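Chemist: Sequence first, then the predicted structure, then my questions.
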Amino acid sequence: MRIDSHQHFWDLAAVDYFWMPKDHPVLSRNYLPADLWPIYERNLFDGSVVVQAAHNDAEADWLLQLATEEAKILGVVAWVDLQSPGLGHRLDRLQKHPKFKGIRHLVHDEPDVDWLLRPGVIEGLKELARRGIPYDLLLKPPHLPVAIEAMERVPDLRCVIDHIAKPYIAKGEIEPWLTGMRTLAQIPTMHVKLSGMITEAQIPGWKPADLAPYVQHVLELFSPQRCMFGSDWPVCLLAGTWKEVLAAFTQACGPIPMEQRAELVGETAQRFYRL
């Protein structure tokens, strides 16, 4: 099975665009399954994991309803308020849906760089670990030391780093991103999504070669068994098409055995999200 592990569907009537201007020329319209399924058919992908892009319960409920109607939505990574006294009840409700597969918070948008270390957040992460619910880490390089400390406090939590932690590709900077990723790679439960990279490169003018050093480091540190492809569609449209994302990913990975490519484009995601 070939899986796009990082994907958003946005319905302007259902989603609060708290982080993107409503008049943005690319992202100011609805993006729904009908826009994506023909792309999957042309590129022989079987389905996707949809990741919530707003901090509200309504979007999570909407995405799970959409997943009920759409067979190609293999799983939904939703948002919850990790610090809420009602977290357990909310997770009880989400876990009743067979396509609920994980939780994400937009950590990199929090003004407090140490947000992950807040006592309420740590307790929420411990609850996810207790229930076996994986967590998508949405980070930038300054958050990597914080993520390392958070994982020391919640060692049993299965995590995946979205967008390879958004290194500063446009600047060509490797450090301190690489040092942080090297430490996180030592955690057996930590995974990485090879996603969201072209929007961190020069726009316009990025090339697959710009991504290659970062991708090669990630593959060496984590191995294909803990890495997965993600398109970050439709956000990727700010810099390129879904097909261009796949082509850039393929070129940045370089020549690899077919069994390792199978891990990257499906098997790792299947294991991590228990699809």
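Modeler: Cool, got the structure. Being a predicted model, the structure only gives us computed values, none of them experimental. Residues are numbered from 1 along each chain as shown.

Chemist: Nearest the middle, which residue of the protein would you pick?
Modeler: Geometric centre of the chain, nearest residue: Asp162, 3.8 Å, by C-alpha atoms, centre = their mean.

Chemist: separation between that one and Tyr135?
Modeler: 10 Å (C-beta to C-beta, to the nearest Å). The way it works is simple: take the backbone N, C-alpha and C, and place the C-beta from them, glycine included.

Chemist: And Asp57, by the same measure?
Modeler: Here Asp57 is placed at a distance of 17 Å from Tyr135 (C-beta to C-beta).

Chemist: on that earlier part again, so what sits against both of Asp162 and Tyr135?
Modeler: By C-beta atoms under 8 Å, 6 or more residues apart in numbering, Asp162 and Tyr135 have these common neighbours: Arg104.

Chemist: give the contact list for the closest residue to Ala248 other than its chain neighbours.
Modeler: Using C-beta to C-beta, 6 or more residues apart in numbering and skipping the chain neighbours, the partner closest in space to Ala248 is Pro208 (4.2 Å). Counting by C-beta under 8 Å, 6+ apart, Pro208 touches 247-248, 251-252.

Chemist: Residues contacting the helix or strand containing Arg90, please?
Modeler: Assigned by DSSP states H and E, Arg90 falls within helix 87-95. Residues from elsewhere that reach helix 87-95, judged by C-beta under 8 Å, 6+ apart: 57, 60, 64, 78, 80-81, 84, 100, 124, 127-128, 131, 133.

Chemist: try 7 Å this time
Modeler: 78, 80-81, 84, 100, 124, 127, 131 (C-beta atoms under 7 Å, 6 or more residues apart in numbering).

Chemist: How much space separates Gln52 from Cys159?
Modeler: 16 Å.

Chemist: And for Ala209?
Modeler: 29 Å.

Chemist: for Leu184, same thing?
Modeler: 9 Å.

Chemist: joint contacts of these two?
Modeler: Joint contacts of Leu184 and Cys159 (C-beta under 7 Å, 6+ apart) are Met190.

Chemist: secondary structure element for the most far-flung residue of the chain relative to its centre?
Modeler: In the chain, the residue that sits farthest from the middle, by C-alpha atoms, centre = their mean, is Pro85; the gap is 26.0 Å. Under the criterion DSSP H and E, no helix or strand holds Pro85.

Chemist: measure it to Ala239 for me?
Modeler: Pro85 sits 41 Å away from Ala239, going by C-beta to C-beta.

Chemist: Gln83 contacts Ile122, doesn't it?
Modeler: No - using C-beta atoms under 7 Å, Gln83 is not in contact with Ile122, being 9.7 Å away.

Chemist: Who are the contact partners of Lys72?
Modeler: 33, 37, 40, 47-48.

Chemist: quick check, distance from the strand or helix carrying Val49 to the centre of its chain.
Modeler: In this assignment (DSSP H and E), Val49 forms part of strand 47-51. Computed by C-alpha atoms, centre = their mean, to the nearest Å, the chain-centroid distance of strand 47-51 equals 10 Å.

Chemist: which other residues reach it?
Modeler: Strand 47-51 is touched from outside by 3-9, 63, 67, 72-77, 101, 104, 136, 269, 273, with contacts defined as C-beta under 7 Å, 6+ apart.

Chemist: what's the burial count for Pro224?
Modeler: 21 (other C-beta atoms under 10 Å).

Chemist: these two touch, right, it and Met258?
Modeler: No - in this structure Pro224 lies outside contact range of Met258 using C-beta under 7 Å: 11.1 Å.

Chemist: Can you show me the helices along the stretch 51-200 of the chain?
Modeler: 57-69, 87-95, 119-131, 144-153, 177-184 (DSSP state H, counting those that start in this stretch).

Chemist: Return the alpha-carbon coordinates of the fourth one using PDB.
Modeler: Backbone C-alpha positions of helix 144-153 (Å, rounded to 0.1, in the frame of the first residue of the first chain) are rendered in PDB as follows:
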ATOM      1  CA  LEU A 144      14.300  20.500  19.200                       C
ATOM      2  CA  PRO A 145      16.000  20.800  22.600                       C
ATOM      3  CA  VAL A 146      12.500  21.200  24.100                       C
ATOM      4  CA  ALA A 147      11.300  18.100  22.300                       C
ATOM      5  CA  ILE A 148      14.200  16.100  23.600                       C
ATOM      6  CA  GLU A 149      13.400  17.100  27.200                       C
ATOM      7  CA  ALA A 150       9.700  16.300  26.700                       C
ATOM      8  CA  MET A 151      10.600  12.800  25.500                       C
ATOM      9  CA  GLU A 152      12.700  12.300  28.500                       C
ATOM     10  CA  ARG A 153       9.700  13.000  30.600                       C
END
